[in-house]
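Participant: turn this into a structure:
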Amino acid sequence: MATMFASAEDSACAGKGRLATSSAAQVLVMRTILENLCMVIATPEETREILQPK
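Facilitator: Okay, the predicted model is just below:
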C-alpha cells in the first residue's frame, strides 16, 4: 500500500516540461503512473476505512 499526496505548493511539475496548473493535474499524473504499474486506486470510502480518520 502506498499513500500519495499532491499539493501545488510542493511541486509544479505535471510531466516532463509541463507545469501543473493545479493539485488535480498532479493527481491525474500520479494516478496514471500507478495504473500503468497495475496498482489499484482506493476510492474515498476505502481510503477512510484504511486510514480511520477521527
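
Participant: please count neighbours and contacts with C-alpha atoms only from this point.
Facilitator: Will do.

Participant: next one, pLDDT for the residue nearest to the spatial centre of the chain please.
Facilitator: Geometric centre of the chain, nearest residue: V27, 3.7 Å, by C-alpha atoms, centre = their mean. Reading off the confidence values, V27 has pLDDT 82.

Participant: helix or strand: which one has it?
Facilitator: V27 is part of helix 23-36 when elements are defined by DSSP states H and E.

Participant: what are the ranges of the strands in the chain?
Facilitator: In the chain, no strands are found when defined by DSSP state E.

Participant: poorly predicted segments of it, please.
Facilitator: Applying pLDDT under 70 to the chain flags residues 1-11.

Participant: can you give me the helices in it?
Facilitator: Using DSSP state H, the helices found in the chain span residues 23-36, 44-51.

Participant: and the longest one, which residues are buried?
Facilitator: Buried residues in helix 23-36, counting neighbours by 16 or more other C-alpha atoms under 10 Å, are found at S23, A25, Q26, V27, M30, R31.

Participant: can you lay out the helices of the chain as CSV showing distance to C13?
Facilitator: Below are those laid out as CSV (distance: least, C-alpha to C-alpha, whole Å):
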stretch, distance to C13
helix 23-36, 7
helix 44-51, 24
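
Participant: nearest to G17, of those?
Facilitator: helix 23-36 (13.2 Å; C-alpha to C-alpha).

Participant: output the contacting helices and strands for the closest one.
Facilitator: If contacts are counted by 3 or more C-alpha pairs under 8 Å, 6 or more residues apart in numbering; DSSP states H and E, helix 23-36 sits against no helix or strand.
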